[in-house]
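> can you look at this prediction? I've put the sequence above it.
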Amino acid sequence: AAAAAAAGGIHMDCMAFGMGAGCLQMTFQAEDVCQARFLYDQLAIVAPLMLALTAATPILRGFLADTDVRWDVISGSVDDRTPVERGEAPAAGAAEGEVPIPKSRYSSVDCFISTCPLLLDEFNDLPVVVSDEALARLTEAGVDPRLARHVAHLFCRDPLVVFEDRLDQSLEAESDHFESLQSTNWNTVRFKPPPPGSSSINWRVEFRSMELCLTDFENAANVVFVLLISRAILHLGLNLYMPISLVDENMARAHTRNAPAAAKFWVRQNVFRTADTSAPAAACDVAEMSLGEVFCGGGGGGGFPGLCGLVRSYLDDVECDEGVRAHLERYLDLIGKRARGELLTTAEWMRRFVLAHPDYKSDSEVSPRICFDLLKVCGEVSRGERAAPELLGDACNQVKEDERVGAGVMASLSRSCQCD
(Lines give C-alpha, C1' and ligand atoms only; values in the text may rest on other atoms or scores of the structure.)
Protein backbone atom coordinates (compact mmCIF):
# COMPACT_ATOMS: atom_id res chain seq x y z
CA ALA A 1 0.00 0.00 0.00
CA ALA A 2 2.81 2.41 0.89
CA ALA A 3 4.60 1.65 -2.39
CA ALA A 4 1.42 2.22 -4.35
CA ALA A 5 0.84 5.53 -2.58
CA ALA A 6 4.43 6.60 -3.25
CA ALA A 7 3.88 5.86 -6.93
CA GLY A 8 0.74 7.97 -7.01
CA GLY A 9 -1.68 5.04 -6.83
CA ILE A 10 -4.07 3.51 -4.29
CA HIS A 11 -3.41 -0.15 -3.51
CA MET A 12 -6.58 -2.22 -3.07
CA ASP A 13 -5.87 -5.94 -2.84
CA CYS A 14 -9.30 -7.32 -1.99
CA MET A 15 -12.50 -7.88 -3.95
CA ALA A 16 -14.44 -6.07 -1.19
CA PHE A 17 -12.84 -2.75 -2.16
CA GLY A 18 -14.92 -3.00 -5.32
CA MET A 19 -17.96 -5.08 -4.51
CA GLY A 20 -18.32 -3.31 -1.16
CA ALA A 21 -19.34 -0.13 -2.99
CA GLY A 22 -22.98 0.94 -2.83
CA CYS A 23 -25.03 1.63 -5.94
CA LEU A 24 -28.55 2.25 -7.18
CA GLN A 25 -30.06 -0.24 -9.62
CA MET A 26 -33.50 -0.72 -11.13
CA THR A 27 -35.21 -3.24 -13.38
CA PHE A 28 -37.81 -2.60 -16.09
CA GLN A 29 -40.22 -5.22 -17.40
CA ALA A 30 -40.88 -4.95 -21.13
CA GLU A 31 -43.95 -5.96 -23.13
CA ASP A 32 -42.00 -8.51 -25.15
CA VAL A 33 -38.50 -9.56 -26.14
CA CYS A 34 -38.26 -7.06 -29.01
CA GLN A 35 -39.07 -4.11 -26.77
CA ALA A 36 -36.64 -5.36 -24.12
CA ARG A 37 -33.82 -5.61 -26.66
CA PHE A 38 -34.44 -2.07 -27.93
CA LEU A 39 -34.66 -0.67 -24.41
CA TYR A 40 -31.44 -2.49 -23.47
CA ASP A 41 -29.60 -0.73 -26.28
CA GLN A 42 -30.98 2.73 -25.55
CA LEU A 43 -30.36 2.52 -21.80
CA ALA A 44 -26.81 1.30 -22.44
CA ILE A 45 -26.23 4.69 -24.06
CA VAL A 46 -27.82 6.55 -21.12
CA ALA A 47 -25.86 4.57 -18.49
CA PRO A 48 -22.53 6.48 -18.62
CA LEU A 49 -24.40 9.78 -18.42
CA MET A 50 -26.22 8.73 -15.25
CA LEU A 51 -22.96 7.40 -13.79
CA ALA A 52 -21.38 10.83 -14.19
CA LEU A 53 -24.46 12.63 -12.84
CA THR A 54 -24.66 10.47 -9.69
CA ALA A 55 -20.90 10.40 -8.97
CA ALA A 56 -20.35 9.63 -5.27
CA THR A 57 -17.00 7.81 -4.87
CA PRO A 58 -14.09 10.26 -4.50
CA ILE A 59 -12.37 8.41 -1.63
CA LEU A 60 -10.80 4.95 -1.84
CA ARG A 61 -9.01 3.15 0.99
CA GLY A 62 -8.49 6.37 2.89
CA PHE A 63 -7.20 8.48 -0.01
CA LEU A 64 -8.75 11.09 -2.27
CA ALA A 65 -8.78 9.54 -5.74
CA ASP A 66 -8.33 11.27 -9.07
CA THR A 67 -11.72 9.86 -10.11
CA ASP A 68 -15.25 10.37 -8.83
CA VAL A 69 -17.04 7.04 -9.46
CA ARG A 70 -16.75 3.41 -8.42
CA TRP A 71 -16.99 1.62 -11.76
CA ASP A 72 -13.37 0.96 -12.75
CA VAL A 73 -12.47 -0.02 -9.18
CA ILE A 74 -15.11 -2.74 -9.14
CA SER A 75 -14.08 -3.75 -12.65
CA GLY A 76 -10.55 -4.33 -11.45
CA SER A 77 -11.58 -6.03 -8.22
CA VAL A 78 -13.39 -8.87 -10.05
CA ASP A 79 -11.16 -9.05 -13.13
CA ASP A 80 -10.28 -12.76 -13.25
CA ARG A 81 -8.78 -12.75 -16.74
CA THR A 82 -5.51 -14.57 -17.18
CA PRO A 83 -2.42 -12.70 -18.45
CA VAL A 84 -3.16 -14.02 -21.94
CA GLU A 85 -6.79 -12.89 -21.72
CA ARG A 86 -5.64 -9.44 -20.52
CA GLY A 87 -3.24 -9.22 -23.45
CA GLU A 88 -0.22 -9.11 -21.14
CA ALA A 89 1.27 -12.48 -22.18
CA PRO A 90 1.92 -13.94 -25.63
CA ALA A 91 -0.84 -16.12 -27.02
CA ALA A 92 1.78 -18.70 -28.02
CA GLY A 93 1.71 -20.19 -24.53
CA ALA A 94 -2.04 -19.97 -24.08
CA ALA A 95 -4.22 -22.86 -22.99
CA GLU A 96 -6.73 -24.26 -25.45
CA GLY A 97 -9.48 -21.74 -26.07
CA GLU A 98 -7.63 -18.98 -24.20
CA VAL A 99 -7.79 -15.75 -26.21
CA PRO A 100 -7.48 -12.05 -25.38
CA ILE A 101 -10.67 -10.58 -23.88
CA PRO A 102 -10.68 -6.76 -24.04
CA LYS A 103 -12.63 -6.09 -20.85
CA SER A 104 -13.19 -7.34 -17.32
CA ARG A 105 -16.42 -9.21 -16.63
CA TYR A 106 -17.55 -5.99 -14.86
CA SER A 107 -17.73 -3.47 -17.70
CA SER A 108 -19.87 -1.50 -20.09
CA VAL A 109 -21.79 -3.49 -22.69
CA ASP A 110 -19.90 -4.71 -25.77
CA CYS A 111 -22.67 -4.85 -28.38
CA PHE A 112 -26.16 -3.65 -29.18
CA ILE A 113 -28.72 -6.43 -29.59
CA SER A 114 -31.97 -5.02 -31.03
CA THR A 115 -33.53 -6.15 -34.30
CA CYS A 116 -34.83 -2.59 -34.82
CA PRO A 117 -33.89 -1.09 -38.24
CA LEU A 118 -32.54 1.96 -36.39
CA LEU A 119 -29.60 -0.19 -35.31
CA LEU A 120 -27.04 -0.20 -38.11
CA ASP A 121 -24.41 -2.92 -38.10
CA GLU A 122 -21.72 -0.22 -38.12
CA PHE A 123 -22.78 0.88 -34.64
CA ASN A 124 -21.42 -2.39 -33.24
CA ASP A 125 -17.82 -1.34 -33.85
CA LEU A 126 -16.11 -3.11 -30.92
CA PRO A 127 -14.59 -6.60 -31.05
CA VAL A 128 -16.77 -9.13 -29.22
CA VAL A 129 -15.19 -12.38 -28.02
CA VAL A 130 -17.61 -15.30 -28.06
CA SER A 131 -17.69 -18.98 -27.24
CA ASP A 132 -17.72 -20.60 -30.67
CA GLU A 133 -19.53 -23.65 -29.29
CA ALA A 134 -22.26 -21.54 -27.69
CA LEU A 135 -22.62 -19.43 -30.82
CA ALA A 136 -23.02 -22.53 -32.99
CA ARG A 137 -25.69 -24.01 -30.71
CA LEU A 138 -27.62 -20.74 -30.56
CA THR A 139 -27.48 -20.30 -34.31
CA GLU A 140 -28.59 -23.88 -34.89
CA ALA A 141 -31.54 -23.29 -32.56
CA GLY A 142 -32.67 -20.34 -34.69
CA VAL A 143 -31.50 -17.44 -32.51
CA ASP A 144 -30.77 -14.38 -34.66
CA PRO A 145 -27.13 -13.27 -35.06
CA ARG A 146 -27.23 -10.23 -32.75
CA LEU A 147 -28.80 -12.00 -29.80
CA ALA A 148 -26.74 -15.14 -30.41
CA ARG A 149 -23.55 -13.09 -30.27
CA HIS A 150 -24.65 -11.39 -27.03
CA VAL A 151 -25.38 -14.68 -25.27
CA ALA A 152 -22.29 -16.44 -26.70
CA HIS A 153 -20.21 -13.54 -25.38
CA LEU A 154 -21.36 -14.39 -21.84
CA PHE A 155 -20.01 -17.90 -22.34
CA CYS A 156 -16.49 -16.73 -23.18
CA ARG A 157 -15.97 -16.52 -19.40
CA ASP A 158 -16.04 -19.15 -16.67
CA PRO A 159 -18.82 -19.23 -14.05
CA LEU A 160 -17.70 -17.92 -10.67
CA VAL A 161 -20.28 -19.52 -8.39
CA VAL A 162 -21.73 -23.04 -8.46
CA PHE A 163 -23.76 -24.37 -5.52
CA GLU A 164 -23.38 -28.07 -4.83
CA ASP A 165 -27.08 -28.60 -4.15
CA ARG A 166 -27.95 -27.00 -7.51
CA LEU A 167 -25.65 -29.06 -9.72
CA ASP A 168 -28.37 -31.43 -10.90
CA GLN A 169 -31.46 -29.70 -12.25
CA SER A 170 -33.84 -29.80 -15.18
CA LEU A 171 -32.62 -27.46 -17.89
CA GLU A 172 -36.18 -27.20 -19.23
CA ALA A 173 -37.69 -26.18 -15.89
CA GLU A 174 -34.84 -24.24 -14.23
CA SER A 175 -32.26 -21.69 -15.35
CA ASP A 176 -29.82 -21.58 -12.43
CA HIS A 177 -26.86 -22.68 -14.54
CA PHE A 178 -27.42 -19.87 -17.04
CA GLU A 179 -28.12 -17.30 -14.32
CA SER A 180 -24.90 -18.22 -12.46
CA LEU A 181 -23.03 -17.08 -15.55
CA GLN A 182 -25.33 -14.23 -16.55
CA SER A 183 -25.31 -12.74 -13.05
CA THR A 184 -21.50 -12.71 -12.88
CA ASN A 185 -21.19 -10.73 -16.11
CA TRP A 186 -21.76 -7.32 -14.57
CA ASN A 187 -22.49 -4.70 -17.22
CA THR A 188 -24.03 -1.23 -17.15
CA VAL A 189 -27.29 -2.80 -18.29
CA ARG A 190 -28.38 -6.44 -18.20
CA PHE A 191 -30.77 -8.26 -20.54
CA LYS A 192 -32.85 -10.65 -18.42
CA PRO A 193 -34.95 -13.47 -19.89
CA PRO A 194 -38.07 -14.58 -18.00
CA PRO A 195 -37.56 -17.58 -15.70
CA PRO A 196 -38.83 -20.89 -17.11
CA GLY A 197 -42.51 -21.51 -16.49
CA SER A 198 -43.26 -17.99 -15.25
CA SER A 199 -46.48 -16.37 -16.40
CA SER A 200 -46.02 -13.06 -14.54
CA ILE A 201 -42.34 -12.21 -15.18
CA ASN A 202 -41.56 -11.08 -18.71
CA TRP A 203 -38.36 -10.00 -20.49
CA ARG A 204 -36.59 -7.38 -18.40
CA VAL A 205 -33.78 -4.83 -18.55
CA GLU A 206 -31.72 -3.99 -15.48
CA PHE A 207 -30.12 -0.52 -15.27
CA ARG A 208 -26.95 -0.79 -13.18
CA SER A 209 -24.67 2.23 -13.54
CA MET A 210 -25.93 4.76 -10.97
CA GLU A 211 -24.19 5.57 -7.70
CA LEU A 212 -26.01 5.94 -4.40
CA CYS A 213 -26.61 9.49 -3.15
CA LEU A 214 -27.04 10.69 0.43
CA THR A 215 -30.74 11.48 0.56
CA ASP A 216 -33.98 9.73 -0.32
CA PHE A 217 -34.91 12.77 -2.41
CA GLU A 218 -31.84 12.47 -4.65
CA ASN A 219 -32.19 8.73 -5.08
CA ALA A 220 -35.89 9.07 -5.83
CA ALA A 221 -35.12 11.75 -8.41
CA ASN A 222 -32.54 9.53 -10.14
CA VAL A 223 -34.78 6.44 -10.15
CA VAL A 224 -37.80 8.35 -11.43
CA PHE A 225 -35.72 10.08 -14.08
CA VAL A 226 -34.46 6.79 -15.53
CA LEU A 227 -38.02 5.45 -15.43
CA LEU A 228 -39.28 8.49 -17.32
CA ILE A 229 -36.53 8.56 -19.93
CA SER A 230 -37.17 4.86 -20.61
CA ARG A 231 -40.85 5.65 -21.17
CA ALA A 232 -39.99 8.66 -23.31
CA ILE A 233 -37.71 6.48 -25.46
CA LEU A 234 -40.52 4.01 -26.11
CA HIS A 235 -43.41 6.47 -26.36
CA LEU A 236 -41.66 9.03 -28.57
CA GLY A 237 -39.76 6.43 -30.60
CA LEU A 238 -36.39 7.99 -29.79
CA ASN A 239 -33.19 6.95 -31.51
CA LEU A 240 -30.08 7.42 -29.34
CA TYR A 241 -27.92 5.01 -31.37
CA MET A 242 -24.30 5.89 -32.08
CA PRO A 243 -21.15 3.77 -32.38
CA ILE A 244 -20.79 1.71 -29.24
CA SER A 245 -17.11 2.68 -29.06
CA LEU A 246 -18.34 6.19 -28.19
CA VAL A 247 -20.43 4.72 -25.37
CA ASP A 248 -17.19 3.22 -24.02
CA GLU A 249 -15.52 6.61 -24.37
CA ASN A 250 -18.37 8.17 -22.38
CA MET A 251 -17.82 5.55 -19.65
CA ALA A 252 -14.19 6.61 -19.39
CA ARG A 253 -15.13 10.29 -19.25
CA ALA A 254 -17.74 9.62 -16.55
CA HIS A 255 -14.83 8.92 -14.18
CA THR A 256 -13.56 12.50 -14.56
CA ARG A 257 -13.36 14.57 -11.40
CA ASN A 258 -16.34 16.92 -11.27
CA ALA A 259 -17.59 15.71 -14.65
CA PRO A 260 -20.42 18.30 -14.96
CA ALA A 261 -17.78 21.05 -15.07
CA ALA A 262 -14.83 19.23 -16.64
CA ALA A 263 -16.03 16.58 -19.09
CA LYS A 264 -17.83 16.39 -22.41
CA PHE A 265 -19.80 13.41 -23.65
CA TRP A 266 -20.70 12.05 -27.07
CA VAL A 267 -24.43 12.32 -27.81
CA ARG A 268 -26.53 11.78 -30.91
CA GLN A 269 -28.07 15.09 -31.97
CA ASN A 270 -31.16 14.19 -33.98
CA VAL A 271 -32.89 11.66 -31.75
CA PHE A 272 -36.06 11.71 -33.85
CA ARG A 273 -34.32 10.70 -37.08
CA THR A 274 -35.66 7.60 -38.78
CA ALA A 275 -33.47 4.74 -39.93
CA ASP A 276 -31.24 5.32 -42.94
CA THR A 277 -29.59 2.01 -43.74
CA SER A 278 -27.59 3.63 -46.53
CA ALA A 279 -25.81 6.08 -44.24
CA PRO A 280 -22.59 4.99 -42.53
CA ALA A 281 -22.44 5.06 -38.74
CA ALA A 282 -19.87 7.84 -38.93
CA ALA A 283 -22.59 10.12 -40.33
CA CYS A 284 -25.05 9.63 -37.47
CA ASP A 285 -24.67 13.25 -36.31
CA VAL A 286 -23.00 12.94 -32.91
CA ALA A 287 -21.39 15.78 -31.00
CA GLU A 288 -19.48 16.33 -27.78
CA MET A 289 -21.58 18.11 -25.18
CA SER A 290 -21.27 19.09 -21.55
CA LEU A 291 -23.42 17.18 -19.08
CA GLY A 292 -25.56 20.30 -18.71
CA GLU A 293 -26.20 20.35 -22.46
CA VAL A 294 -26.90 16.61 -22.50
CA PHE A 295 -29.61 16.89 -19.87
CA CYS A 296 -30.92 20.42 -20.44
CA GLY A 297 -30.44 20.92 -24.17
CA GLY A 298 -28.40 23.14 -26.43
CA GLY A 299 -24.86 22.68 -27.62
CA GLY A 300 -23.54 20.76 -30.56
CA GLY A 301 -25.34 22.96 -33.06
CA GLY A 302 -28.02 20.35 -33.65
CA GLY A 303 -30.83 21.66 -31.48
CA PHE A 304 -30.64 18.70 -29.12
CA PRO A 305 -33.60 19.07 -26.71
CA GLY A 306 -31.83 17.48 -23.72
CA LEU A 307 -32.89 14.39 -21.83
CA CYS A 308 -34.97 16.46 -19.41
CA GLY A 309 -36.64 18.15 -22.36
CA LEU A 310 -37.51 14.76 -23.84
CA VAL A 311 -39.00 13.66 -20.52
CA ARG A 312 -41.11 16.83 -20.37
CA SER A 313 -42.31 16.24 -23.93
CA TYR A 314 -43.40 12.77 -22.91
CA LEU A 315 -45.22 14.08 -19.81
CA ASP A 316 -46.98 16.71 -21.94
CA ASP A 317 -47.96 14.11 -24.50
CA VAL A 318 -49.55 11.73 -21.97
CA GLU A 319 -51.20 14.62 -20.06
CA CYS A 320 -49.64 13.64 -16.75
CA ASP A 321 -51.73 14.34 -13.65
CA GLU A 322 -51.10 17.89 -12.40
CA GLY A 323 -50.23 16.87 -8.85
CA VAL A 324 -47.85 14.15 -10.01
CA ARG A 325 -46.27 16.55 -12.50
CA ALA A 326 -45.50 19.03 -9.71
CA HIS A 327 -43.53 16.34 -7.83
CA LEU A 328 -41.76 15.26 -11.00
CA GLU A 329 -40.70 18.81 -11.77
CA ARG A 330 -38.87 18.95 -8.43
CA TYR A 331 -36.91 15.87 -9.48
CA LEU A 332 -36.19 17.28 -12.94
CA ASP A 333 -35.08 20.56 -11.38
CA LEU A 334 -32.52 18.72 -9.23
CA ILE A 335 -31.30 16.67 -12.22
CA GLY A 336 -30.92 19.77 -14.39
CA LYS A 337 -29.11 21.88 -11.81
CA ARG A 338 -26.69 19.07 -10.98
CA ALA A 339 -25.97 18.44 -14.65
CA ARG A 340 -25.27 22.15 -15.20
CA GLY A 341 -22.98 22.27 -12.18
CA GLU A 342 -25.24 24.62 -10.23
CA LEU A 343 -25.47 21.90 -7.58
CA LEU A 344 -22.54 19.67 -6.68
CA THR A 345 -22.39 15.95 -7.24
CA THR A 346 -22.04 13.92 -4.06
CA ALA A 347 -18.41 13.18 -4.99
CA GLU A 348 -17.50 16.84 -5.46
CA TRP A 349 -19.31 17.79 -2.23
CA MET A 350 -17.32 15.16 -0.30
CA ARG A 351 -14.05 16.19 -1.95
CA ARG A 352 -14.57 19.83 -1.00
CA PHE A 353 -15.35 18.82 2.58
CA VAL A 354 -12.04 16.94 2.83
CA LEU A 355 -10.04 19.72 1.19
CA ALA A 356 -11.48 22.28 3.62
CA HIS A 357 -10.96 20.14 6.75
CA PRO A 358 -8.40 21.61 9.17
CA ASP A 359 -6.65 18.24 9.48
CA TYR A 360 -6.11 17.81 5.74
CA LYS A 361 -2.44 18.11 4.79
CA SER A 362 -2.77 18.34 0.99
CA ASP A 363 -1.40 14.81 0.65
CA SER A 364 -4.59 13.05 -0.54
CA GLU A 365 -4.81 11.18 2.78
CA VAL A 366 -8.22 11.12 4.45
CA SER A 367 -7.29 10.62 8.09
CA PRO A 368 -9.53 8.79 10.60
CA ARG A 369 -10.55 12.17 12.04
CA ILE A 370 -11.52 13.54 8.63
CA CYS A 371 -13.35 10.31 7.82
CA PHE A 372 -15.30 10.41 11.09
CA ASP A 373 -16.32 14.04 10.58
CA LEU A 374 -17.34 13.40 6.96
CA LEU A 375 -19.47 10.39 7.86
CA LYS A 376 -21.10 12.36 10.68
CA VAL A 377 -22.04 15.18 8.32
CA CYS A 378 -23.23 12.71 5.66
CA GLY A 379 -25.54 11.12 8.22
CA GLU A 380 -26.93 14.48 9.25
CA VAL A 381 -27.60 15.50 5.65
CA SER A 382 -29.19 12.14 4.92
CA ARG A 383 -31.56 12.49 7.88
CA GLY A 384 -32.43 16.10 7.07
CA GLU A 385 -30.72 17.41 10.21
CA ARG A 386 -28.19 19.56 8.32
CA ALA A 387 -28.81 21.79 5.32
CA ALA A 388 -26.53 21.33 2.32
CA PRO A 389 -27.73 23.92 -0.21
CA GLU A 390 -24.65 23.47 -2.40
CA LEU A 391 -25.65 19.81 -2.78
CA LEU A 392 -29.45 19.94 -2.73
CA GLY A 393 -30.43 23.54 -3.43
CA ASP A 394 -34.10 24.19 -2.74
CA ALA A 395 -34.56 20.49 -1.99
CA CYS A 396 -32.87 20.84 1.42
CA ASN A 397 -36.24 20.79 3.13
CA GLN A 398 -37.57 17.91 1.02
CA VAL A 399 -35.25 15.17 2.25
CA LYS A 400 -37.76 13.66 4.68
CA GLU A 401 -40.82 14.46 2.62
CA ASP A 402 -40.03 11.78 0.06
CA GLU A 403 -40.41 9.11 2.71
CA ARG A 404 -44.09 10.03 2.73
CA VAL A 405 -44.80 10.96 -0.88
CA GLY A 406 -42.36 8.84 -2.90
CA ALA A 407 -44.50 5.71 -2.94
CA GLY A 408 -47.56 7.77 -3.83
CA VAL A 409 -45.80 9.44 -6.75
CA MET A 410 -44.62 6.09 -8.13
CA ALA A 411 -48.14 4.65 -7.81
CA SER A 412 -49.59 7.68 -9.57
CA LEU A 413 -47.00 7.39 -12.33
CA SER A 414 -48.14 3.89 -13.14
CA ARG A 415 -51.70 5.18 -13.52
CA SER A 416 -51.12 8.61 -15.07
CA CYS A 417 -48.15 8.16 -17.39
CA GLN A 418 -48.85 5.02 -19.33
CA CYS A 419 -46.49 4.15 -22.15
CA ASP A 420 -47.85 3.20 -25.58
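Sure thing, it's come through. Numbers count the residues shown, from 1 in each chain.

> helices or strands next to the helix or strand where Asp373 lies in the packing?
Under the criterion of DSSP states H and E, Asp373 resides in helix 368-382. The elements that helix 368-382 packs onto, with contact taken as 3 or more Cβ pairs under 8 Å, 6 or more residues apart in numbering; DSSP states H and E, are helix 346-356. All C-beta spots, glycine's among them, are computed from the backbone N, C-alpha and C.

> and stretch 249-256, what's buried?
Within stretch 249-256, the residues that qualify as buried by neighbour count (16 or more other Cβ atoms under 10 Å) are Glu249, Asn250, Met251, Arg253, Ala254, His255, Thr256.

> centroid residue for the chain?
By Cα atoms, centre = their mean, the mean C-alpha position of the chain lies nearest to Ser209, the distance being 2.3 Å.

> SS state for it?
Taken by DSSP: H, G, I helix; E, B strand; the rest coil, the conformation at Ser209 corresponds to strand.

> quick one: it from Asp80, how far?
21 Å (Cβ to Cβ, to the nearest Å).

> ok, Glu319 next?
Following Cβ to Cβ, the distance that separates Glu319 from Asp80 is 51 Å.

> tally of neighbours for Asp158?
9 (other Cβ atoms under 10 Å).

> for Ala7, same thing?
A total of 9 residues lie near Ala7 under the criterion other Cβ under 10 Å.

> what's the answer for Met15, then?
Look at Met15: counted by other Cβ under 10 Å, it has 13 neighbours.

> so it sits against Gly76, correct?
No - Met15 lies out of contact with Gly76 (Cβ atoms under 8 Å); the separation is 9.8 Å.

> so Ala136 lies in a helix, does it not?
Yes - Ala136 sits within a helix when classified using three-state DSSP.

> got the contact list for it?
Under the criterion of Cβ atoms under 8 Å, 6 or more residues apart in numbering, Ala136 has no contact partners.

> for it, report the pLDDT, please.
For Ala136, the pLDDT comes out at 97.

> that one and Asn270: what is the separation?
With distances defined as Cβ to Cβ, the gap from Ala136 to Asn270 amounts to 39 Å.

> check what pLDDT Ala52 gets.
98.

> check which helix or strand covers it.
Using DSSP H and E, Ala52 maps to helix 33-53.

> just to check, Val271 is in contact with Leu238?
Yes - taking contact to mean Cβ under 8 Å, the distance of 4.8 Å between Val271 and Leu238 places them in contact.

> pLDDT score assigned to Arg415?
At Arg415 the predicted local distance difference test score is 52.

> likewise the one 4 residues further on?
Per-residue confidence for Cys419 comes out at a pLDDT of 41.

> equivalent analysis for Ala281, please.
Among the per-residue scores, Ala281 shows a pLDDT of 55.

> please enumerate the strands of the stretch 251-400 of the chain.
For the stretch 251-400 of the chain, applying DSSP state E, counting those that start in this stretch gives strands covering 264-268, 286-290.

> CSV please, covering these and showing mean pLDDT.
What follows is the strands of the stretch 251-400 of the chain, written out as CSV (pLDDT from 0 to 100):
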stretch, mean pLDDT
strand 264-268, 96
strand 286-290, 94
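
> could I get these as CSV with distance to Gln35 and mean neighbour count?
Listed next are the strands of the stretch 251-400 of the chain as CSV, based on distance: least, Cβ to Cβ, whole Å; neighbours: other Cβ atoms under 10 Å:
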stretch, distance to Gln35, mean neighbour count
strand 264-268, 20, 22
strand 286-290, 25, 19
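
> got those as a markdown table, with distance to Asp176 columns?
Below are the strands of the stretch 251-400 of the chain laid out as a markdown table (distance: least, Cβ to Cβ, whole Å):
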| stretch | distance to Asp176 |
| --- | --- |
| strand 264-268 | 38 |
| strand 286-290 | 41 |
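
> so how far is Val78 from Thr256?
As judged by Cβ to Cβ, Thr256 and Val78 stand 23 Å apart.

> just to revisit the earlier point, can you flag which of the buried residues of stretch 249-256 belong to helices?
Glu249, Asn250, Met251, Arg253 (DSSP state H).

> and the closest residue to Ala388 other than its chain neighbours, how many neighbours?
Sequence neighbours aside, Val381 is the residue nearest to Ala388 in space, at 4.8 Å (criterion: Cβ to Cβ, 6 or more residues apart in numbering). Applying other Cβ under 10 Å, we find 21 residues neighbouring Val381.

> so Val381 makes contact with Leu214?
Yes - taking contacts as Cβ under 8 Å, Val381 lies within contact range of Leu214: 5.2 Å.

> overlap in contacts, these two.
In terms of Cβ under 8 Å, 6+ apart, Val381 and Leu214 are both contacted by the residues Leu391.

> which SSE is Thr27 in?
Counting by DSSP H and E, the secondary-structure element that holds Thr27 is strand 24-29.
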